[in-house]
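>>> Pasting the sequence and the predicted model now:
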Amino acid sequence: MSAKISVTSKALNLLQLKETMDEIVFNHIDSAQKWEKAYNELNELINSTVHFFNSHVTKEGVPRQSTYWVLFMDIASRLIYFHTVAYHHLKKEQNEEVTKDILQLYTLAANCIPDVRKLASAEFLMEVAQSYEELEYYKGKQGEFERVILEQNNRATDCINAFSKFAKIYKK
């Protein structure tokens, strides 16, 4: 399966991106747990998404909040999360550095969820928090990770800025 996503001069096809991501998650994570295949295909999507975002920032600057960018961030947060889940399962032997990387990526995914207090977003945050806490309790307390993210209640602009920092340092 090729994970190529169409891009116009100004927009990434978000519906195609979401459908492709959902198909990968269903076929390789939910149904079969083919972690390497899921990781590789989701990695292609992240590469395309980050490349598009960085190109946009170069041409037009960091995006402002709009419906398009809220949808973009919703999909990007899920893409980062599922990519991290696959990475987590691929790493049979996790050392402290790998665990730290995974926790940072789960935190990034959570910080990219727009409108986290809305039902669908809150349910997704619960899933991210559960994955985070399988590795470590945030500040030593169960439920603290989710509570902190809910308390932050990131606006779309905060999510875009979190993704922008990630995109600047992301390496293919």
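Cool, got the structure. Numbering: from 1, shown residues only.
>>> what about residue 131, neighbour count?
Number of residues near residue 131 (other C-beta atoms under 10 Å) recorded here: 20. Where C-beta positions appear, they are placed from N, C-alpha and C, glycine not excepted.
>>> Look at the closest residue to residue 163 other than its chain neighbours and report its pLDDT.
Using C-beta to C-beta, 6 or more residues apart in numbering and skipping residues adjacent in sequence, the residue nearest residue 163 is residue 112, 5.3 Å away. Confidence at residue 112, expressed as pLDDT, is 97.
>>> thinking residue 112 is in contact with residue 73, fair?
Yes: here residue 112 reaches residue 73: they are 5.3 Å apart, a contact under C-beta atoms under 8 Å.
>>> quick one, helices of the chain?
Applying DSSP state H to the chain gives helices spanning 14-25, 35-60, 67-90, 96-111, 119-135, 144-152, 156-169.
>>> can you tell me the average pLDDT over stretch 140-151?
The model assigns stretch 140-151 a mean pLDDT of 93.
>>> heads up, I number from 55, so please use that
Got it, first residue is 55 now, which makes that one stretch 194-205.
>>> follow-up on the earlier one: find residues that contact each of residue 166 and residue 127.
213, 217 (C-beta atoms under 8 Å, 6 or more residues apart in numbering).
>>> With neighbour numbers in mind, choose between the two.
Per other C-beta under 10 Å, whichever of residue 166 and residue 127 has more neighbours is residue 166, with 28 against 25.
>>> Could you pull up the residues touching the more buried one?
127, 130, 131, 134, 208, 213, 216, 217 are the contacts of residue 166 under C-beta under 8 Å, 6+ apart.
>>> For those residues, pick the one with the most neighbours.
residue 130 leads those on contacts (other C-beta under 10 Å) with 31 neighbours.
>>> pretty sure that residue is touching residue 218, no?
No: the criterion here is C-beta under 8 Å, and residue 130 misses it with residue 218 at 10.8 Å.
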